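Engineer: curious how this folds, go ahead:
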Amino acid sequence: MSAVLPAKPDDDDIVTWWGLVIEGYQATHVKLLDEIARRLNLTPAPFDVLLRLVRSPGHRKPMSQLAAEAALTTGGFTKVADRMVAAGLIQREQSTADRRMTYAVLTPLGVRTAEDARRECADILRATVLAPLGLKGATALAGAMRTLREANSTREANSTREANSSRDANSHRKANGAREAQRTRGSNGSSAAAAGTRRSNGTS
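Structural biologist: Predicted coordinates:
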């Protein structure tokens, strides 16, 4: 049966077409993960987390958001995070703006490993996706998948992503403000200490 849908596809046409989409994705993704494991000795979950963190501002994201994006339960993600902490790839940091929120943050080793993973991932995808589809086909595929994601994601999931993004941005702003205030206090404290020293020495 042709992979191209006729003008009026019947039930079998539609089911077959979708089956080819799934099979194509699975075959390509399995090849990608096998190559990543061979080249970098990374299993799928840590590989996914590293890619998400290295492309995030400050190389950090809320743990709850990472778990949702990686389609893992809270308990499942906690185990992954524990292994990554033990391997020195990430560390946990409590939010200064919201103590209920804990961030996963890449360590220096994590940054290097994540950058290696991103480079190797792109290299593999050039061979497994870009080469057979071409730039135009790969761009069209990404656009089609984005359309399906937006059309079929639940409203609750979209709301959660938007809330997480907003809360993350607010936390970054508050944290930056706190750091700036701390630097200002430190600078003022140093100036006051210097002035006190000059007075005690009888100088102006």
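Engineer: okay, CA-based contacts and neighbour counts for the rest of this
Structural biologist: Noted.
Engineer: which residue lies nearest the spatial centre of the chain?
Structural biologist: Centroid check for the chain by Cα atoms, centre = their mean gives Arg52 as the closest residue, at 1.8 Å.
Engineer: this structure: helices as residue ranges?
Structural biologist: Here the chain has its helices, by DSSP state H, at 11-40, 44-54, 63-69, 74-86, 108-125, 131-152, 155-200.
Engineer: lowest mean pLDDT across those helices, which one is that?
Structural biologist: Note on those: lowest mean pLDDT is at helix 155-200, with a mean of 52.
Engineer: check the gap between Gln26 and Ala151 for me.
Structural biologist: 21 Å (Cα to Cα, to the nearest Å).
Engineer: then Gln65?
Structural biologist: Applying Cα to Cα to Gln65 and Ala151 gives a distance of 21 Å.
Engineer: looking at those two, which one has more neighbours?
Structural biologist: Under the neighbour definition other Cα atoms under 10 Å, Gln65 and Ala151 were set side by side, and Gln65 has more, 17 against 10.
Engineer: the residue nearest to the centre of the chain and Trp18, how far apart?
Structural biologist: To Trp18, Arg52 is 27 Å away according to Cα to Cα.
Engineer: also Glu69?
Structural biologist: 23 Å.
Engineer: quick check: closest non-adjacent residue to Ile90.
Structural biologist: With Cα to Cα, 6 or more residues apart in numbering as the criterion, Ile90 has its nearest non-adjacent residue at 4.4 Å, and that residue is Leu106.
Engineer: correct me, but the one you found touches Glu93?
Structural biologist: No - using Cα atoms under 8 Å, Leu106 and Glu93 do not qualify as a contacting pair, with a distance of 10.3 Å.
Engineer: more neighbours, those two?
Structural biologist: Using other Cα under 10 Å, the more surrounded residue of Leu106 and Glu93 is Leu106, with 26 against 16.
Engineer: now do the contacts for that one.
Structural biologist: Leu50, Leu53, Val54, His59, Arg60, Leu89, Ile90, Gln91 (Cα atoms under 8 Å, 6 or more residues apart in numbering).
Engineer: ditto for Arg60
Structural biologist: Shown in contact with Arg60 (Cα under 8 Å, 6+ apart): Leu53, Val54, Tyr103, Ala104, Val105, Leu106.
Engineer: just among those, which is most surrounded?
Structural biologist: Top of the contacts of Arg60 by neighbour count (other Cα under 10 Å): Leu106, with 26 neighbours.
Engineer: ok, that residue to Ala144 distance?
Structural biologist: For Leu106, the distance to Ala144 - Cα to Cα - is 32 Å.
Engineer: next: Glu150.
Structural biologist: Relative to Ala144, and taking Cα to Cα, Glu150 is found at 10 Å.
Engineer: distance check, Ser95 against Ile22.
Structural biologist: 39 Å.
Engineer: the more surrounded of the two?
Structural biologist: Higher neighbour count among Ser95 and Ile22: Ser95, with 17 against 12, using other Cα under 10 Å.
Engineer: hmm, Val105 and the more buried one touching each other?
Structural biologist: No - counting by Cα under 8 Å, Ser95 stays clear of Val105, with 11.3 Å between them.
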